[in-house]
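Novice: Using only what follows, build the 3D model:
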Amino acid sequence: MSGLDDALLIVKPDTLLKWHRQGFRLLWRRKSKPGPRKPRLPKEALALIKQMAVENRCWGAKRIRDELAKLTIQVSRQSVRRYMKQARQTLPPPSAGQGWATFLANHAHATWACDFLQTYDVLFRAIFVFVIVELESRRVVYWHVTRQPSDVWTAPQLREATPFGQAPRFLVRDNDRTYGVQFAKAAHGSGIEVLRTPIAAPKANAICERFLGTLRRECLDHVYCFLRSAPESVVDIVPGSE
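Specialist: Just a heads-up that it's a prediction; the model follows:
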């Protein structure tokens, strides 16, 4: 009879339990499946991030985040970077800008460069030599000396170097504090566009700096300097011993 009872059963208990376990797997797999994630930022903020990323190709995530903070929109840099990447994927790659070497090749005839050289007199007191060089010809356009360089002192030197409107189009300078507001006004009054050298870019003002190095090695290292108190610009040079 036991064999007959087994034949009469449509589904065995083990098979029913197996089906039940499989049903539970399918049920919890469906419940555990992640649905479409809703953006945490408003649509207006997302559109603004993408608009900034497209219209300002040089802006990074930090700059866009700071601009949004001005509008009281708080967003993390990671979120900004993610939406920036989405917005810029369809844009063509930016064209390479004009390099410094190309700029000098095109505008060397209309560009001057200035810098200070520090040396010492016979009594070991500091003297600062202000030099302006024309980049195309490497000609010294103007020079002057002082013991205390400042913005008030440097501005008149630029005016003296550009009499009767004989001024260049560009003037290269470093980020020294002696080139302040007065110097900028003097340059603007002469129609000069001042170009500040970037940080950690030694080649940006290489022509003027190389001339100053040659001036030190071939001249000032072999002579004694006497800077008269009045007028300040008068320098007496006495040959020194080797």
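Novice: Distance check, the closest residue to residue 40 other than its chain neighbours against residue 59.
Specialist: Nearest residue to residue 40 in three dimensions, chain neighbours excluded: residue 79, at 7.9 Å (Cβ to Cβ, 6 or more residues apart in numbering). C-beta here means a position set from N, CA and C on the backbone, and glycine is covered the same way. From residue 79 across to residue 59, the span is 15 Å (Cβ to Cβ, to the nearest Å).
Novice: wait, doesn't the residue nearest to residue 40 sit right on residue 41?
Specialist: Yes. Taking contacts as Cβ atoms under 8 Å, residue 79 lies within contact range of residue 41: 6.8 Å.
Novice: can you give me the end-to-end distance of stretch 188-199?
Specialist: End-to-end span of stretch 188-199 (Cα to Cα, to the nearest Å): 23 Å.
Novice: What's the local residue count around the residue nearest to residue 40?
Specialist: A count of nearby residues for residue 79, using other Cβ atoms under 10 Å, gives 17.
Novice: what's the helix or strand hosting it packed up against?
Specialist: Using DSSP states H and E, residue 79 sits in helix 77-88. Secondary-structure packing of helix 77-88 (3 or more Cβ pairs under 8 Å, 6 or more residues apart in numbering; DSSP states H and E): helix 43-55, helix 61-70.
Novice: Go through those helices and name the closest to residue 91.
Specialist: Ranking these by proximity to residue 91 (Cβ to Cβ) places helix 43-55 first, at 6.5 Å.
Novice: what's the closest one packed up against?
Specialist: In terms of contacts (3+ Cβ pairs under 8 Å, 6+ apart), helix 43-55 is packed against helix 61-70, helix 77-88.
Novice: host element of the residue nearest in space to the middle of the chain?
Specialist: Nearest residue to the geometric centre of the chain (Cα atoms, centre = their mean): residue 198, 6.8 Å. Taking DSSP H and E as the definition, residue 198 sits outside all helices and strands.
Novice: So the closest residue to it other than its chain neighbours: helix, strand or coil?
Specialist: Spatially, and ignoring its direct neighbours in sequence, residue 198 is nearest to residue 204 (6.0 Å; Cβ to Cβ, 6+ apart). With DSSP: H, G, I helix; E, B strand; the rest coil as the basis, residue 204 sits in coil.
Novice: What count of nearby residues applies to residue 204?
Specialist: Residue 204 is flanked by 20 other residues according to other Cβ under 10 Å.
Novice: what's in contact with stretch 197-211?
Specialist: Outside of stretch 197-211, the residues within contact range by Cβ atoms under 8 Å, 6 or more residues apart in numbering are 100, 113-115, 131, 133, 135, 138, 140, 172-175.
Novice: switch the cut-off to 6 Å
Specialist: Here stretch 197-211 makes contact (Cβ atoms under 6 Å, 6 or more residues apart in numbering) with 113, 115, 133, 135, 172, 174.
Novice: how long is it end to end?
Specialist: 17 Å.
Novice: Tell me how far it lies from the chain's centre.
Specialist: 15 Å (Cα atoms, centre = their mean, to the nearest Å).
Novice: Over to stretch 99-112?
Specialist: Once both centres are worked out by Cα atoms, centre = their mean, stretch 99-112 turns out to sit 20 Å from its chain's centre.
Novice: Sort out which residues of it are buried, please.
Specialist: By neighbour count with 16 or more other Cβ atoms under 10 Å, stretch 99-112 contains the buried residues 104, 111, 112.
Novice: Just the ones of those residues in strands?
Specialist: When those are checked against strands (DSSP state E), the matches are 111, 112.
Novice: Same list, the buried residues of stretch 99-112, but as TSV with distance to residue 28 and pLDDT please.
Specialist: Formatted as TSV, those follow (distance: Cβ to Cβ, whole Å; pLDDT from 0 to 100):
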residue	distance to residue 28	pLDDT
104	70	83
111	73	95
112	77	96
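Novice: Sounds good, over and out.
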